[in-house]
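Visitor: Fold the following and give me the result.
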Amino acid sequence: MLLRVRTMVCQQAVELMTEYLEGVLPRRARRRLEKHLADCAHCHEYLDQMRLMIELTGSVKQEDLEPAMLDDLTTLYRQWKADS
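Guide: Model prediction:
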């Protein structure tokens, strides 16, 4: 019997990034993702960009945003939440 090794593709990796960064990804999926990240420079770069975005957006305060931008972000969030 031939054993098939299931490798992760980039789309699957990207879909798991948020859970990975939040520390809630199950151990088996985390190991697969980390193996993929070790072998895929593009996904590793994507992860680095997400970490930077989280770091930078964590320092933005509501008063830093212009009213129109705050309205746009609120609308986008509500649309996303309704679709989830």
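
Visitor: Tell me how far the worst-scoring helix or strand of the chain on mean pLDDT lies from the chain's centre.
Guide: None of the helices or strands of the chain scores lower by mean pLDDT, DSSP states H and E than helix 67-83, at a mean of 90. Helix 67-83 sits 19 Å away from the centroid of its parent chain (Cα atoms, centre = their mean, to the nearest Å).

Visitor: swap in stretch 35-49?
Guide: From the chain centre to the centre of stretch 35-49 is a distance of 12 Å (Cα atoms, centre = their mean).

Visitor: what about that stretch, average pLDDT?
Guide: Mean pLDDT, stretch 35-49: 94.

Visitor: ok, residues contacting that stretch?
Guide: Thr7, Met8, Cys10, Gln12, Ala13, Val14, Met17, Tyr20, Leu21 (Cβ atoms under 8 Å, 6 or more residues apart in numbering). C-betas here are computed from N, CA, C, even on glycine.

Visitor: export it as CSV, just CAs?
Guide: Taking Å, rounded to 0.1, in the frame of the first residue of the first chain, the C-alpha atoms of stretch 35-49 are listed here in CSV:
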residue,chain,number,x,y,z
LYS,A,35,6.4,22.8,8.0
HIS,A,36,4.9,24.7,5.1
LEU,A,37,6.2,28.0,6.4
ALA,A,38,9.7,26.6,6.7
ASP,A,39,9.6,25.5,3.0
CYS,A,40,7.6,28.4,1.5
ALA,A,41,9.3,31.9,1.5
HIS,A,42,6.1,33.5,0.1
CYS,A,43,3.9,32.3,2.9
HIS,A,44,6.6,33.1,5.5
GLU,A,45,6.7,36.7,4.2
TYR,A,46,2.8,36.8,4.3
LEU,A,47,3.0,35.8,8.0
ASP,A,48,5.6,38.4,8.7
GLN,A,49,3.4,41.0,7.0
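
Visitor: which parts of that stretch are buried?
Guide: Within stretch 35-49, the residues scored as buried using 16 or more other Cβ atoms under 10 Å are His36, Leu37, Cys40, Cys43, Tyr46, Leu47.
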